[in-house]
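1. Requesting a structural model of the entry that follows:
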Amino acid sequence: MNTTLRSAIIPVFWGLCDLGSLAWYLGLRAFQGQIPFAYDYQQAALVMRSTGDVMPLIGCAVSILLYLSLAFSGALLLRKKVSGAILGYIQTPFRLLILIPPSLFFIHWPWKYFLVTPTFAFGLFLLIASEIFKVATVVIWHRRQLRSTAG
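-> Now for the predicted structure:
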C-alpha cells in the first residue's frame, strides 16, 4: 500500500472510530431504555440534590459536550479536514481521564474472553497505547496535509 493511500485511510479510520464510539454510547443507552444525555443529566441532578454539590452537573455537562465533540471530529475526519485532527488532539486528555471512551473504544472487549480477570494496569496500558497510536497516526497525516497544501 503506497504512502498516499495509507495517508488517506488514517482520517477515515479515526473518523469512523469517533462516530462508532458515539453510536455505541447512544445505542447502549437506548438498549437500556434510557434517553441518551437526558438520563445522564437526570442522574447528575439527583446526586446534586442529595449532596448539595453542583459538581455532578458540571461533570455531566462536560461529558455531554465531549460526546457531542465526537460527532464533529468524526464528521470532520471523514471529510479529511485538518480541523478534525485538531479537535482530536483536544479530546485526547479527556480520553486519558476516561471522560469519553478511548479512541479505539472496543479495545477492552475482547480481553475479557482471553483473560480471567484483566488487571487495571493492563486496561490502563491499552488506553494509553491506543491514544498514542491515534495521536501519532493523526500527526503523520496532519503533517502530510500541511506539506501538500504548502508545496
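2. average model confidence for stretch 79-94?
-> Taken as a whole, stretch 79-94 has a mean pLDDT of 94.
3. which element follows the lowest-mean-pLDDT helix or strand in the chain toward the C-terminus?
-> Within the chain, no helix or strand scores below helix 111-114, which has a mean of 75 by mean pLDDT, DSSP states H and E. Sequence-wise, the next helix or strand downstream of helix 111-114 (DSSP states H and E) is helix 120-150.
4. For that next one, enumerate the helices and strands it packs against.
-> Here helix 120-150 touches helix 3-31, helix 82-96, going by 3 or more CB pairs under 8 Å, 6 or more residues apart in numbering; DSSP states H and E. (Each C-beta comes from the backbone N, C-alpha and C, glycine too.)
5. Could you dump those into TSV and include mean neighbour count and distance to Y41?
-> Formatted as TSV, the helices and strands packed on helix 120-150 follow (neighbours: other CB atoms under 10 Å; distance: least, CB to CB, whole Å):
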stretch	mean neighbour count	distance to Y41
helix 3-31	16	12
helix 82-96	17	18
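6. Compare those and report which one is nearest to L76.
-> Nearest to L76, of all the helices and strands packed on helix 120-150, is helix 82-96, at 2.9 Å by CB to CB.
7. Cool, thanks, talk later.
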